[in-house]
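Enquirer: need coordinates for the following:
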Amino acid sequence: MRLLISPTKFRGSFGKRFHRVFRRPFSALAPLALLLLSLSTISVVWWWLAAPITLTRPPIDPAAKLDCISYAPFRKHQSPWNSQIIISPEQIAEDLTELARISKCVRIYSVENGLDRVPELASKVGLKVILGIWIGRDRLKNAQLIETAVPLINGYPGVITAIIVGSEVLLRGEMTASDLRRTIRSLKAQVNIPVSYADVWEFWLRYAEVSDDVDFVTVHMLPYWEDFPVRAEDAAAHVDEIRKQMMVAFPGKEILIGESGWPSRGRMRDGALPSRINQARFVSELLQRARLENFRLNLFEAYDEPWKRQWEGTVGGNWGLLDGESRKPKYGPGAAVSNYPFWKLQLGCGAALCISIFGSALLALRRRRSAPGLATWVAVAASATTGGILLGVAAEKTLYESYGLDGWLAQGALLALGIAAPLMCSDAHMSGRALPTFAELIGPREGRTRSFATTVLGITLIATTLIALQSALGLVFDPRWRDFPFAGLTMAVVPFWTLTLLNRSKSGKRATAEAVFATLLAFSAVYILFNEGSQNWQAVWTGLVYFMLSTTLWQPRSVVAVEADLFGAESGALQPIAVATTLEQRQ
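Expert: As a prediction, the model looks like this:
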């Protein structure tokens, strides 16, 4: 039985009284109840997302200084790839003063770009130095770097405690093992401190003969970058297990964990999720193991390095325990750690967007002939809740994942679409407006719509489709460094999907352009899910959103207004409307 009934269908007095008494109060209470439910859901989800954890051992504690930490001085657009850049002693001194509060030692990787001043400056703040020489294919340059390093080593015997000749040159294929061994032996003849080489554990096992020429074995263990990534919860145990394997493989040699850390931001790899909590948890657990089992550990790394994002994406620039901009620790000693320290601001913005979406729907009611059904309000609530939850996440991803002008434009556009789409679609729901075809917007002039609201709605859909396809193809052909745009994309796609579900025609042609986009998105989603694996929830989420957009575009569309009754059934008539005339008259 229909609850939303036209008075003309009830001739009796009971029908008239029923319509007059129950229709108005319910139509007013339904959106209010749904708004309160949406706001409550947004609040509960953000409270859950921002829930902090307290660790047994703080990742940064001035009362229990780190043994050593990797240090590079490059800020903002500074990069070691430009050998002409010389970092000022003042900039380095500022960093080392901060690091001396939390660590006993710094590991540097080169003596170029002004880093040859580090031993001198470190001595002034009480830091020890593990000096690195960045060797590679160029033998002449290798010799020049060694010539620069030897006087430093001999000039600061109490400061420089060890030297590491080369970092992952075997992994990168820049030297053969025999060339590397000759270089190590050449340096050892000129210094009287321990000499080592650093590489990932698999390459140490592959080229075990290199251990004969070093005083200790420096192993890089980054569980996130393993061929089979390790979850943050299991990462510390994994590092300790590999360390013990290396002890068996190289008996009599000290094992230094030369790099081990976890990123605080970036894309997932299998079940390995970069986050503030996961970074703090991993570092805390690894430091605790190092203390209990008494092994040497150099954490990777001191400061976030933005320059790495050009080659390694968001994740590459966010390994630091100290922020790359403020140069201050990310985690206070003894403080609880949250993934969203500014969650109250994000919650407030999300709640404001939720209220705005409901407001847009209420403003559109004056253009509607009959009261909307419950299904219409539920669709508005779904978009408002989704947007309210994800706005803060999408804004944060835009802030931290945008790199370069093209990155800022793409991320900013996706965030804008995520805000505009639910506002436009809530208006369309109440106005009975269906999604236009692409041809109605950019096709032959005589077939284009003249409705401003329909044009804006369609342009928003086209822009969302183009950005979605660009990101999908990027995740198919060059996925390693790319982030998953799940937050902003979901905000934009869910409203279009609900609008297609309710305001769709019963007949019509499947537009060719939309069908092509839908097919590409669907195939991309399948590949991404297969390539990334089911443990990667960011990939699964993003793939499902691509599917939702694909089904939205695949639906045959003609311009039809649909009015729903209280329970989502269609009202008395489906009215095909010529976009250029009748729809504008209704508005």
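Enquirer: once you drop chain neighbours, what's closest to Ser260?
Expert: Spatial nearest neighbour of Ser260, excluding adjacent residues (CB to CB, 6 or more residues apart in numbering): Met221 at 4.9 Å. To be clear about C-beta, it is placed using only N, CA and C from the backbone, and glycine gets the same treatment.
Enquirer: check contacts around the one you found.
Expert: Taking CB atoms under 8 Å, 6 or more residues apart in numbering, we find Met221 in contact with 200-201, 238-239, 242-243, 257, 259-260.
Enquirer: among the residues you listed, which are in helices?
Expert: Among the contacts of Met221, DSSP state H puts 201, 238-239, 242-243 in helices.
Enquirer: where along the stretch 201-350 of the chain do the helices fall?
Expert: Counting by DSSP state H, counting those that start in this stretch, the stretch 201-350 of the chain has helices at residues 201-206, 232-249, 276-293, 309-316, 343-364.
Enquirer: any chance of those helices in TSV, with mean pLDDT too?
Expert: As requested, the helices of the stretch 201-350 of the chain are exported to TSV (pLDDT from 0 to 100):
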stretch	mean pLDDT
helix 201-206	97
helix 232-249	97
helix 276-293	96
helix 309-316	92
helix 343-364	96
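Enquirer: out of the ones you listed, which comes closest to Gly126?
Expert: Within those, the stretch nearest Gly126 is helix 276-293; the backing value is 20.5 Å (CB to CB).
Enquirer: tell me the helices and strands packed up against that closest one.
Expert: With contacts taken as 3 or more CB pairs under 8 Å, 6 or more residues apart in numbering; DSSP states H and E, helix 276-293 sits against helix 232-249.
Enquirer: flag every buried residue along the helix it packs on.
Expert: By 16 or more other CB atoms under 10 Å, the buried positions in helix 232-249 come out as 232, 235-236, 238-240, 242-243, 246.
Enquirer: from the residues you listed, pick the one nearest Ser326.
Expert: For the buried residues of helix 232-249, the nearest to Ser326 is Ala232 (24.1 Å; CB to CB).
Enquirer: quick one: contacts of stretch 398-416?
Expert: With CB under 8 Å, 6+ apart as the test, stretch 398-416 has contacts from 265, 309-310, 314, 318, 394-395, 397, 463, 467, 470-471, 483, 485, 488-489, 492.
Enquirer: let's go with 7 Å and repeat that
Expert: 265, 309-310, 314, 394-395, 463, 467, 483, 485, 488-489 (CB atoms under 7 Å, 6 or more residues apart in numbering).
Enquirer: so which bits of that stretch are buried?
Expert: Buried-residue list, stretch 398-416, by 16+ other CB under 10 Å: 398, 400-403, 410-411, 413-415.
Enquirer: do the same with stretch 134-152
Expert: Residues 134-135, 142, 145-146, 149, 152 are the ones in stretch 134-152 that count as buried (16+ other CB under 10 Å).
Enquirer: tell me where this structure has strands.
Expert: Assigned strands in the chain, in chain order: 68-70, 105-107, 128-133, 160-167, 195-200, 216-220, 254-259, 298-299, 560-561, 575-576 (criterion: DSSP state E).
Enquirer: give the rounded mean pLDDT of the last one.
Expert: This predicted structure assigns strand 575-576 an average pLDDT of 36.
Enquirer: JSON lines please, covering the ones in helices among the contacts of Met221 and showing distance to Ala336.
Expert: Formatted as JSON lines, these follow (distance: CB to CB, whole Å):
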{"residue": "Trp201", "distance to Ala336": "33"}
{"residue": "His238", "distance to Ala336": "25"}
{"residue": "Val239", "distance to Ala336": "24"}
{"residue": "Ile242", "distance to Ala336": "30"}
{"residue": "Arg243", "distance to Ala336": "29"}
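Enquirer: between the residues you listed, which sits nearest Ser524?
Expert: His238 (32.2 Å).
Enquirer: tell me how far Leu489 lies from Phe523.
Expert: Distance check for Leu489 against Phe523: by CB to CB, to the nearest Å, it reads 17 Å.
Enquirer: who are the contact partners of the closest residue to Leu273 other than its chain neighbours?
Expert: Once flanking residues are discounted, Leu273 sits nearest to Ala232: 6.5 Å by CB to CB, 6+ apart. Taking CB under 7 Å, 6+ apart, we find Ala232 in contact with 262, 272-273, 278, 281-282.
Enquirer: biggest separation within the residues you listed, which pair?
Expert: Ala272 and Arg281 (12.6 Å).
Enquirer: between these two, which one's more packed in?
Expert: Between Ala272 and Arg281, Ala272 has the larger neighbour count (other CB atoms under 10 Å), namely 25 against 21.
Enquirer: what's in contact with stretch 97-107?
Expert: Stretch 97-107 is contacted by residues 60, 62, 65-71, 122, 125-130, 132, 298, 302, 327, 329 when judged by CB under 7 Å, 6+ apart.
Enquirer: any quick PyMOL command for the buried ones out of those?
Expert: To isolate the buried subset of the contacts of stretch 97-107 in PyMOL, counting by 16+ other CB under 10 Å, use the following:
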select buried, resi 60+65+66+67+68+69+70+71+122+127+128+129+130+132+298+302+327+329
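Enquirer: what is the nearest of the buried residues of stretch 134-152 to Ser431?
Expert: Distance ranking of the buried residues of stretch 134-152 against Ser431, using CB to CB, places Trp134 first at 63.3 Å.
Enquirer: skipping adjacent residues, who's closest to the closest one in space?
Expert: Ser110 (4.1 Å).
Enquirer: and that neighbour, how close does it get to Asp116?
Expert: Counting by CB to CB - Ser110 and Asp116 are separated by 9 Å.
Enquirer: between these two, which one's more packed in?
Expert: The neighbour comparison of Ser110 against Asp116 (other CB under 10 Å) goes to Ser110, with 21 against 18.
Enquirer: got the contact list for the more buried one?
Expert: Neighbouring residues of Ser110 by CB under 7 Å, 6+ apart: 80, 132, 134.
Enquirer: looking at those, which one is closest to Phe438?
Expert: With CB to CB as the yardstick, the closest approach to Phe438 among the contacts of Ser110 comes from Pro80, at 46.8 Å.
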